[in-house]
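>>> how would this look folded up:
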Amino acid sequence: QRQNNTTKIKMMDDDRYDDDEEDGEPLPPKVEELAQAPVPTAIKGVRSCMRCGIIKTLDQFLEYGCENCPFLDMAGNHERCNLCTTAFFEGQVAVMDPGESWTAKWLRVDTYLPGVYAISITGQFDREIEEELESRGCRWRCRPVGSDPNVMA
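Numbers count the residues shown, from 1 in each chain. Below you'll find the predicted structure:
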């Protein structure tokens with residue numbers, strides 16, 4: 001009897017999760033977008049974009065840059081990645097549907113892509129980068145050490 005139950009469970013699992021068969025149905029747009037979300041590929045050595053707060057590894061920032069902040073030109077530029085990201089952040093939140101998430105609205109990342117975001121970020125842009133962001137009308141989330149976390153830049 002026990003083997004029979006195990007066989008039934010195995011058959012149900014095989015029917016439900018068969019990766020070899022393609023049913024031809026396209027994924028819903030939200031699922032497709034989420035499947036493309038940039039998420040950290042490692043636990044150690046993660047960094048946060050100082051403007052939007054997305055968390056990825058340094059290698060991911062080097063390869064793809066920041067998908068929310070392409071104007072920061074981090075892709076392929078190690079120096080720029082070090083200037084625009086920081087390892088000093090607290091907390092992480094996985095945001096799957098930024099437009100609908102109250103947490104994303106609270107963090108002010110509701111207009112960004114799905115991904116993993118830092119809750120608070122400590123760091124400071126170089127003056128040149130701050131001026132570029134100000135000229136674009138962009139806000140940023142990082143705060144210098146000892147600053148009031150309740151005041152947005």
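>>> Give me the nearest residue to residue 42, chain neighbours excluded.
The shortest distance from residue 42 to any non-neighbouring residue, by C-beta to C-beta, 6 or more residues apart in numbering, is to residue 57 (5.2 Å). Placement of C-beta: from N, CA and C, glycine included.
>>> quick one, what contacts the nearest residue to residue 38 once chain neighbours are set aside?
Of all residues not flanking residue 38 in the chain, residue 115 sits nearest, at 5.1 Å (C-beta to C-beta, 6+ apart). Contacts of residue 115 were listed using C-beta atoms under 8 Å, 6 or more residues apart in numbering, and they are 37-39, 54-56, 67, 94-95.
>>> so how far is residue 64 from residue 115?
11 Å (C-beta to C-beta, to the nearest Å).
>>> Equivalent analysis for residue 120, please.
Distance from residue 120 to residue 64, by C-beta to C-beta: 24 Å.
>>> likewise residue 140?
19 Å.
>>> quick one, which of these two is more surrounded?
residue 140 (22 against 14; other C-beta atoms under 10 Å).
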